[in-house]
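A.B. asks: No sequence on hand, only this structure:
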């Protein structure tokens, strides 16, 4: 099975940016942990600070037959109608993941524009949220 993993703005700085909120794990280490934990999965990883690049990648993966997605949109969660529309328009089985608990932070973070376009959301479990999302996708494939 192929699973796309998308990380949005500022997530390329994991391990460096606000480690008290996001932890000390780097994005490269997270990717390696997923590859090790799920050797039967072909992962397609993508991180961008640019909304349009994320949309282009999702459309490209969809055109290539990828149908399973784990997405951490970062701040795009709360402001991107474009991302929401893209996810609604494509046939992904998708899980939204957040390292921190977005409901325990600033009030604007408690609203996800992406949530109605995905099958579920995992928030506040750190790296384990990605693992749970992949397990769900494997189970429901």
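C.D. replies: Looks like it came in fine. Quantities reported herein were computed from a predicted structural model and do not represent experimental measurements.

A.B. asks: Distance-wise, check the closest residue to residue 7 other than its chain neighbours relative to residue 112.
C.D. replies: Using CB to CB, 6 or more residues apart in numbering and skipping residues adjacent in sequence, the residue nearest residue 7 is residue 47, 4.2 Å away. C-beta coordinates here come from the backbone N, C-alpha and C atoms, glycine included. From residue 47 across to residue 112, the span is 19 Å (CB to CB, to the nearest Å).

A.B. asks: any idea how far residue 25 is from the residue lying closest to residue 91 once chain neighbours are set aside?
C.D. replies: Of all residues not flanking residue 91 in the chain, residue 67 sits nearest, at 6.1 Å (CB to CB, 6+ apart). Taking CB to CB as the measure, residue 67 falls 27 Å from residue 25.

A.B. asks: need the helix or strand of the protein with the lowest average pLDDT.
C.D. replies: Ranked by mean pLDDT, DSSP states H and E, the helix or strand of the chain with the weakest confidence is helix 19-22, at a mean of 78.

A.B. asks: And that one, what does it pack against?
C.D. replies: Helix 19-22 is packed against no helix or strand, with contacts defined by 3 or more CB pairs under 8 Å, 6 or more residues apart in numbering; DSSP states H and E.

A.B. asks: Look up the closest residue to the residue nearest the centre of the chain, ignoring the ones flanking it.
C.D. replies: Residue closest to the average C-alpha location in the chain (CA atoms, centre = their mean): residue 71, at 1.8 Å. Counting by CB to CB, 6+ apart, residue 71 lies nearest to residue 6, which is 4.5 Å off, once chain neighbours are set aside.

A.B. asks: could you give the mean pLDDT of the strand or helix carrying the one you found?
C.D. replies: When elements are defined using DSSP states H and E, residue 6 is found to belong to strand 2-7. Model confidence over strand 2-7, given as mean pLDDT, is 98.

A.B. asks: strand partners of that strand, parallel vs antiparallel please.
C.D. replies: Listed by DSSP bridges, the sheet partners of strand 2-7 and their directions read strand 42-47 (parallel), strand 68-72 (parallel).
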